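S.K.: give me a model of this one.
(chains A and B)
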Amino acid sequence: MSSSTLTFRNKGPWRRGLIGLLLVAYTLILAEAYFRLLDPQPLMPRYVTGTPWGVRGNIPNARYWNHTPEVDVEYRINSQGLRADRDFSLSKPAGTCRVAVFGDSFFFGIELDVTQGFAGQLEKRLIDSGIHAEVLNFSVGGFGTAEMLRTFEGFGRQFQPDVVIFSWDDSDLQDNVRSGLYRLEDGQLEKARDEYLPGVKTLNWLMQYRLYRAIADHSEFYSFIREKSELLLKRQMRNLSQARASASASASASASDSAVPTAQTSGGEEATVEIADSSQKRRVVDLSSEILLRAREEINASGADFYLVEIPFKLSRTKFRSGVDVLPEAVRSQINVVYTSPALSKAARPDLELYFETGQGHLTPTGVAILVDETMKDLASSSRLAACR
Amino acid sequence: MLFNSGVFALFFAAFFPLYLLCRRHVAARNLLLIVASYIFYGWWDPRFLILVAISTAVDYAAALGAAGKPVRSTDLLKSAGFLVLVTVVSLAFAPEDHWLVAPVLGGMLVIGILIAVIKRLGEQARPKYWLLLSLTTNLGILAFFKYFNFFVGSAAALISNLGFDPHAPRFSIILPVGLSFYTFQAISRTIDSYQRKYEPQYSIINYAAFHAFFPQLVAGPIERAGRLMPQFETVRPLEGRLLVTGALLFAWGLYQKIVIADNLGPIADAVFGAPLGQTAGATLVGVLAFAIQIYCDFCGYSNMARGLARILGFDLMVNFNLPYFARTPSEFWQRWHISLSQWLRDYVYISLGGNRGGQWKMYRNLMITMLLGGLWHGASWTFVAWGGFHGAIQVVYRALGIDALIARTRFFTLRGFAIQGSAWLSTMCLVCIGWILFRARTFEDAVTVFTNLFATSGYSDAQFSTLLGYTAPLAVVEIYQRSSGRLEFLTAGPFLVRYTVSVVLVLTLLAFSAHGSHEFIYFDF
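M.R.: I've put the predicted structure just below:
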């Protein structure tokens, strides 16, 4: 070690700089080779940007690829930022019904071809059942319900949909808190901020460069670093928000005479923590519930029916956890919820993949087909769609 | 605070710049080390800092007295002042439950009375009583916090087997992390002082820094004062080379812990958590997984400790020297947890008479030493049995002259290769059988795991590939270390090779580390 270090030190500044650059290049090549050989990473480039309605949107006309050990998919975004191979006029064609789909990566169709995704399969099933329908996919990876609602209000509404479908999965609860677009004040939902554009400024700047786009599209090392950093950041933000919520819960508990004895008599420190956690959880659920009710109100007011499709969480190939159960019955009873976990559980077999097992683990075309089946059953009763037969 | 946690990374990032500022001044550096070490340890539970302080305060004075040096009132005041200061600070940060206060005050009072009594004794007799005070204090703390419930429970079980109905007191005692390590280190310093192998100094700051040195406080190596203490009494050179090699050693230890040990842990847990109904294949993989897990967990910790210490300019002893290359049980103990093996050898085995007094006495001494070594690992009869098992196989090897035969045999002959190869295989089988006793929760579980190994089912679907995937890189490295004689392989070879290996190590840490921060197994000992 010492002899090499000595040799290195004795070189002139230019040579040292050159050696340093070569070392950086060597490290990057080595890292790329390492991941390609030993720990292949799914390539999931992010083609999102800001929108006039204050949340993220897909970059119009973008074309990019996603490679995982199981799939090779090309994503094509139309000029309006929707995942589709064609553009849609703002006014509805005569005799055609429109279904607008809002969701996160599950509805966007990550790891799926455009025809295999929820919107693609749903459109085909509607047409096959004799309904003249167009399905417009407004989904963006990473969206929560709050961003779906903003996109509907700012953009989707202009397309005069007859039916609006939101996706719902476990991550929406935290996404809605993280975005901070809405807050609850005395139980009432209020708009808290106009914009939520995480990382968009940096991404916009980076996306100007062809080199960055090439790295984002093709480098497994970069993909790994980006995913890990995002995960770490999300975890830290969640811990921070939990710590803040626990602290405020403890503060309010110590201020409240009735809360303190309950916490202390039910087992000391752990009980206090549990109470703090459960009250925090209640606030998180309340926020999402109110956003959903606001969405239903807005959508109905614009003359469309509102449906919420459950995306279950995969525990194993044959076991799934419902994401909707967390919402209070009083909220669910006011919304058309499409429950899909019973059908997925019924169809599940150890030899059948309903979710991908590499990459980001989204639904396979078979899994999506089950969701579409269940959605079709609920849509059968829609009088608005019946008019387009 | 775990070395493999984000909190520790933040702690070290805040500590190290301050350390660089203070490092040229012995007292300032050692004061900073004391504060940092107490924060590091108090992160688990600030109340237990009082125990570290008691051990420090008593052994500071006891070692001086045991060495025959005068223990002045100012020394006792320094000692008491340090203890009071730590007690006040730790209770300020401790949870509201201050149950420790009464026993600690009681303990301090007893120690104070004993010191007063010792000071009244004749000059000749004093060293022995200072030594006794150190032994009583350290072993007393250890006995209460680690073994109280075990001994009381065992006695109650024995009495109830005799037909009586005892009402034994049971306390819910939390075992302070690393207790067995720092008490043993403190005892060794006082014994060495008593035996005039080490001359204690009067600076309590230097001693407190040595006693609580955070890289090795909670899981060793159990250092000897004669080797490590002088490093706290001088300004240590801090060179770029030390930083680089220290960081690499830390990274290798981290790899052993979070990539190998923590990923193999669940395989072992599945087998030892519910041994009934496990197939032979799954059991074999589980036992081997545990053998690798415990090695990488503890050796990984030791390497991280050595790496951190080196970054700070200190040199800690090698605690593991490729133990899975051992060809006899004795050789295994010369390579496994070397600091404990040497402690037991010097302070128990030799004190009992060692090899002197004939074969039978030697066997007896060996058995007692290994039984105590087993008990040191935990308050459970399975650990005692594990120690007894290792003692017994060493006795058998010595009685049959196998150790001597292996020492005589040259490896590079066909006969030598066959003998050494079969000796290695036999030793590894025996070590793995020992690990079953060590890891099993009960003797029934140990018997079930052992019996499962002799079935013939389940070899096709066992996780051999997972085990191999994590073990193969380790085996390659250790074969290189063994053949080259360089334990620190990351600093060997041409620059590009070293650089490539280091980058691959970092990438592996990023890509294959197990989720979450897992505690070190030896923290419980």
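S.K.: contacting residues for the residue of chain B most remote from its centre?
M.R.: Residue farthest from the centre of chain B, counting by CA atoms, centre = their mean, is B:Gly163 at 39.7 Å. Residues near B:Gly163 by CB atoms under 8 Å, 6 or more residues apart in numbering or on different chains: none. The way it works is simple: take the backbone N, C-alpha and C, and place the C-beta from them, glycine included.
S.K.: tell me the secondary structure for it?
M.R.: Secondary structure for B:Gly163, judged by DSSP: H, G, I helix; E, B strand; the rest coil, is coil.
S.K.: ranges for the strands of the stretch 251-400 of chain B?
M.R.: Assigned by DSSP state E, counting those that start in this stretch, the strands in the stretch 251-400 of chain B number zero.
S.K.: for chain A, give me its nearest residue in it.
M.R.: Closest approach between the stretch 251-400 of chain B and chain A, counting by CB to the nearest CB: B:Val259, at 11.9 Å.
S.K.: pretty sure that residue contacts B:Leu507?
M.R.: No. Assessed by CB atoms under 8 Å, B:Val259 is found out of contact with B:Leu507, at 10.9 Å.
S.K.: ok now do the closest residue to B:Gly387 other than its chain neighbours, which residues does it touch?
M.R.: If the residues on either side of it in the chain are set aside, B:Gly387 comes closest to B:Gly374, at 1.9 Å by CB to CB, 6 or more residues apart in numbering or on different chains. Residues in contact with B:Gly374, defined by CB under 8 Å, 6+ apart, are B:Phe383, B:Val384, B:Ala385, B:Trp386, B:Gly387, B:Gly388, B:His390.
S.K.: not counting its neighbours along the chain, what's nearest the residue of the stretch 251-400 of chain B closest to chain A?
M.R.: Closest residue to B:Val259 apart from its sequence neighbours, by CB to CB, 6+ apart: B:Phe512 at 5.0 Å.
S.K.: burial measure for that neighbour, as a count.
M.R.: 17 (other CB atoms under 10 Å in any protein chain shown).
S.K.: cool, A:Glu353 as well?
M.R.: Counted with other CB under 10 Å, residues neighbouring A:Glu353 total 15.
S.K.: from A:Leu43, how far out is it?
M.R.: 20 Å (CB to CB, to the nearest Å).
S.K.: next: A:Phe108.
M.R.: Taking CB to CB, one finds A:Phe108 at 16 Å from A:Leu43.
S.K.: could you do A:Ala347 as well?
M.R.: A:Ala347 sits 30 Å away from A:Leu43, going by CB to CB.
S.K.: out of the two, which sits in the more crowded spot?
M.R.: A count of neighbours by other CB under 10 Å puts A:Leu43 above the other of A:Ala347 and A:Leu43, at 19 against 15.
S.K.: ok, for B:Phe325, nearest residue in space, not its chain neighbours?
M.R.: Leaving aside its chain neighbours, B:Phe325 sits nearest to B:Arg482 (5.6 Å; criterion: CB to CB, 6+ apart).
S.K.: same for whichever strand or helix holds the one you found, what does it pack against?
M.R.: When elements are assigned from DSSP states H and E, B:Arg482 belongs to helix B:464-484. Contacts defined by 3 or more CB pairs under 8 Å, 6 or more residues apart in numbering or on different chains; DSSP states H and E place helix B:464-484 against helix B:262-273, helix B:280-311.
S.K.: buried ones in the longest one?
M.R.: Along helix B:280-311, the positions that meet the burial threshold by neighbour count (16 or more other CB atoms under 10 Å in any protein chain shown) are B:280-311.
S.K.: whichever residue of chain B sits closest to chain A and A:Tyr26: what is the separation?
M.R.: Nearest residue of chain B to chain A: B:Phe495, at 3.9 Å (CB to the nearest CB). Distance from B:Phe495 to A:Tyr26, counting by CB to CB: 11 Å.
S.K.: next one: B:Ala102
M.R.: According to CB to CB, B:Ala102 stands 63 Å off from A:Tyr26.
S.K.: with A:Leu126 instead?
M.R.: According to CB to CB, A:Leu126 stands 55 Å off from A:Tyr26.
S.K.: what about those two, which has more around it?
M.R.: When A:Leu126 and A:Tyr26 are compared for neighbours, A:Leu126 comes out ahead with 23 against 14, by other CB under 10 Å.
S.K.: thought A:Arg389 was touching the more buried one, still the case?
M.R.: No. A:Leu126 lies out of contact with A:Arg389 (CB under 8 Å); the separation is 10.1 Å.
S.K.: state the mean pLDDT of the strand or helix carrying B:Val503.
M.R.: Per DSSP H and E, B:Val503 falls inside helix B:495-512. For helix B:495-512, mean pLDDT is 92.
S.K.: over to stretch B:371-390?
M.R.: 91.
S.K.: that one: end-to-end distance?
M.R.: Stretch B:371-390 has an end-to-end distance of 8 Å (CA to CA, to the nearest Å).
S.K.: picking up where we left off before, quick one: closest of the helices and strands packed on helix B:464-484 to B:Phe145.
M.R.: B:Phe145 sits nearest to helix B:280-311 of all the helices and strands packed on helix B:464-484, at 20.9 Å, using CB to CB.
S.K.: tell me what that closest one is packed against?
M.R.: The helices and strands touching helix B:280-311, judged by 3+ CB pairs under 8 Å, 6+ apart, are helix B:240-254, helix B:262-273, helix B:414-439, helix B:443-452, helix B:464-484.
S.K.: got the angle for that helix vs helix B:262-273?
M.R.: 140 degrees (axes from the mean of the first three to the mean of the last three CA atoms, to 10 degrees).
S.K.: from the chain's centroid, how far away is helix B:280-311?
M.R.: 13 Å (CA atoms, centre = their mean, to the nearest Å).
S.K.: model confidence over it, on average?
M.R.: The model assigns helix B:280-311 a mean pLDDT of 94.
S.K.: may I see the buried residues of the helix or strand hosting B:Pro103?
M.R.: Per DSSP H and E: B:Pro103 is located in helix B:101-120. Using 16+ other CB under 10 Å as the test for burial, helix B:101-120 gives B:Val104, B:Gly107, B:Met108, B:Ile111, B:Leu114, B:Ile115, B:Ile118.
S.K.: of all the residues you listed, which two lie farthest apart?
M.R.: Most distant of these, by CB to CB, are B:Val104 and B:Ile118, 20.7 Å apart.
S.K.: residue 160: neighbouring residues, count only.
M.R.: No chain was given, so I picked chain A. Count around A:Gln160 with other CB under 10 Å applied: 15.
S.K.: other chain: chain B
M.R.: 12.
S.K.: alright, I will stop here.
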